[in-house]
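Asker: Need the 3D shape of this:
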Amino acid sequence: MAVPATRYRPSARAFPETMPPIEYGASHQVRRVQKLGWISFRGSGFRLPKAFAGYPVGIVPTTLDGIWNVIFASRPIAQLDMRAGTVKTVTYVSEHL
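Answerer: Numbers count the residues shown, from 1 in each chain. Now for the predicted structure:
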């Protein structure tokens, strides 16, 4: 029944003041996510979560014709379906939580 302040310990991990720039490989087509979450790709607009606004994302083809993966840093965040003009966000649970 101790109060939280008695349990607090500073983290041993350092927290950087600024994040390193996000870089993508030559096979990625890079787009910057606009303020409301929109990106433009091959003449179509797609909406991604607003949390990615201002950041670059990489877009790479999948083995399925017309389906593209959207990557943030090294994590998949969405799939673009160019045939239907839709976007499907990817959900996953990190093993590090």
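
Asker: contacting residues around the worst-scoring helix or strand of the chain on mean pLDDT?
Answerer: In the chain, the helix or strand scored least confidently by mean pLDDT, DSSP states H and E is strand 86-89, which has a mean of 84. When contacts are defined by C-beta atoms under 8 Å, 6 or more residues apart in numbering, strand 86-89 is touched by residues Phe46, Arg47, Leu48, Pro49, Val70, Ile77, Ala78, Gln79, Leu80, Asp81. Using the backbone N, CA and C atoms, a C-beta is placed for each residue, glycine as well.

Asker: Can you tell me which of these are buried?
Answerer: Neighbour counting by 16 or more other C-beta atoms under 10 Å classes Phe46, Leu48, Val70, Ile77, Ala78, Gln79, Leu80 among the contacts of strand 86-89 as buried.

Asker: tell me the two of the contacts of strand 86-89 that are most distant?
Answerer: Pairwise distances across the contacts of strand 86-89 peak at 17.0 Å for Pro49 and Asp81 (criterion: C-beta to C-beta).

Asker: residues touching the residue at minimal distance from the centre of the chain, list them.
Answerer: Residue closest to the average C-alpha location in the chain (C-alpha atoms, centre = their mean): Phe72, at 3.2 Å. Applying C-beta under 8 Å, 6+ apart to Phe72 gives the contacts Ile22, Phe52, Tyr55, Val57, Gly58.
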